[in-house]
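S.K.: Predicted model follows, preceded by the sequence.
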Amino acid sequence: MKKTPEPNFRWGYAVFVLFLLSILGFIVVGVLSLFVGVDVESLRGNTALIPIEGVIVGTEDSEFIFESVTSSPDAVELIEKADRNPSIKAIILEINSPGGSAVASEEIAKAVEKTNKTTVAWIREVGASGAYWVASAAEHIVANRVSITGSIGVIASYLEFPGFLDRYNVTYRRLVSGKYKDIGSPFKEMTDEEKAIFQQNLDSIRDYFVSEVAKNRNLNKRDVDRVANGLFYLGAEAKELKLVDELGGKDEVIRYIEKKEGIKAELVEYKKEKSLLELLSEVLSRQSFFVGKGIGSSLLDRKAVSSLTITT
């Protein structure tokens, strides 16, 4: 009869696999390090291409470790670098993002507004919500006719499970020094007064969002308000609603810049420069994630008890 492998053997095998993955990670980092550290300002080109991809966040968070994200500090830094470079005559924002943090979206949009270059937003597949806020700050918007744009609005949501606590005889002891200190806590039901407070804040953010789009697009605020119902629009619909200027893709973007600036556009991609240490950290953290996932996949997700967040 075949014997069941001893637990020590299984653990030894897991450690061996992790060791091999670590060695592979070092090799990958070594290869990638040959391509990092290049100063984008030293590259040849007269048109900066800056990607706005994935969720827009205030800082890069491990929550999005396997997703593309755009952090506002990085995006703002790249925009400012392109603006300072005398060789750069125009900036293209290549957008493929569903939006994200309202604060981060505004930070990027403000950086775009401050530039002294020709700015074009190029919406490829998705340029919705906060990403559209960023796009609206550019002087010209080109969108694919079947891309997803608009979705002007604000959302805030969280899990609320006081009934679950009651069912399992768990008590939430409310100890606060201010009446609204635990507003939005998932451990208690939100009162009507608290709901009204949250809704008022969301409405205020939405109103600011609408005002910024109207100003950036030179539209009447009432017209923007009518389409700012959270719905997304295909590029063709957005063109009719004056949310974008032109339908098309990269060719149309380049054509606009060349006509506006009277140049032959030579694109240079502006990306965040990553150090060897950052690349190594990313590789090792991903390996650790896989190991930890196997051990703790049955545990309660920490996000389930996190506080309420507001996104555009």
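M.R.: Yep, it's here.
S.K.: Run through the helices of the stretch 201-312 of the chain in chain order.
M.R.: 221-227, 235-240, 250-261, 276-296 (DSSP state H, counting those that start in this stretch).
S.K.: between those, which has the poorest average model confidence?
M.R.: If you rank the helices of the stretch 201-312 of the chain by mean pLDDT, helix 276-296 sits at the bottom with a mean of 45.
S.K.: Kindly state the pLDDT recorded for Val29?
M.R.: pLDDT, read off for Val29, is 52.
S.K.: Low-confidence ranges, the stretch 51-200 of the chain, go.
M.R.: 60-67, 158 (pLDDT under 70).
S.K.: quick one: the strands in it?
M.R.: With strands called from DSSP state E, counting those that start in this stretch, the stretch 51-200 of the chain shows them at 55-57, 69-71, 90-97, 118-128, 140-143, 148-150, 155-157.
S.K.: and among those, the most buried is which?
M.R.: Most buried of the strands of the stretch 51-200 of the chain, by mean neighbour count (mean count of other CB atoms under 10 Å): strand 140-143, with a mean of 27. For the C-beta atoms, the positions are set from N, CA and C on the backbone; glycine is no exception.
S.K.: And that strand, what does it pack against?
M.R.: Using 3 or more CB pairs under 8 Å, 6 or more residues apart in numbering; DSSP states H and E, the elements in contact with strand 140-143 are strand 118-128, helix 235-240, strand 246-247, helix 250-261.
S.K.: Reformat those as TSV; add distance to Lys272.
M.R.: As requested, the helices and strands packed on strand 140-143 are arranged in TSV below (distance: least, CB to CB, whole Å):
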stretch	distance to Lys272
strand 118-128	19
helix 235-240	28
strand 246-247	29
helix 250-261	22
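S.K.: and Glu193, which of these is closest to it?
M.R.: Minimum separation from Glu193 across the helices and strands packed on strand 140-143 (CB to CB) falls at strand 118-128, 32.1 Å.
S.K.: and the gap between Val176 and Leu165?
M.R.: For Val176, the distance to Leu165 equals 18 Å [CB to CB, to the nearest Å].
S.K.: Among these two, which residue is more densely surrounded?
M.R.: Between Val176 and Leu165, counting by other CB atoms under 10 Å, Leu165 is the more crowded of the two (14 against 10).
S.K.: so the more buried one sits right up against Thr171, yeah?
M.R.: Yes: contact criterion CB atoms under 8 Å: Leu165 and Thr171 qualify, at 7.3 Å.
S.K.: how close does Ser136 get to Asn144?
M.R.: 17 Å.
S.K.: Check Ala156 too.
M.R.: 30 Å.
S.K.: Lys110 too?
M.R.: 26 Å.
S.K.: neighbour count winner among those two?
M.R.: Neighbours per residue (other CB under 10 Å) separate Lys110 from Asn144, with Asn144 holding more: 21 against 15.
S.K.: wait, what's in contact with Leu234?
M.R.: Arg145, Val146, Ser147, Ile148, Thr149 (CB atoms under 8 Å, 6 or more residues apart in numbering).
S.K.: Swap in 6 Å and give it another go.
M.R.: Going by CB atoms under 6 Å, 6 or more residues apart in numbering, Leu234 touches Val146.
S.K.: Return the per-residue confidence for it.
M.R.: We have a pLDDT of 96 for Leu234.
S.K.: What confidence value was assigned to the nearest residue to Ser87 once chain neighbours are set aside?
M.R.: Of all residues not flanking Ser87 in the chain, Asn46 sits nearest, at 5.9 Å (CB to CB, 6 or more residues apart in numbering). Looking at Asn46, its pLDDT is 94.
S.K.: Distance-wise, check Asn46 relative to Ser97.
M.R.: For Asn46, the distance to Ser97 equals 25 Å [CB to CB].
S.K.: do Gln199 as well
M.R.: Noted for Gln199: a distance of 26 Å to Ser97, by CB to CB.
S.K.: for Asn85, same thing?
M.R.: For Asn85, the distance to Ser97 equals 24 Å [CB to CB].
S.K.: One more: Ser129?
M.R.: Using CB to CB, Ser129 is found at 9 Å from Ser97.
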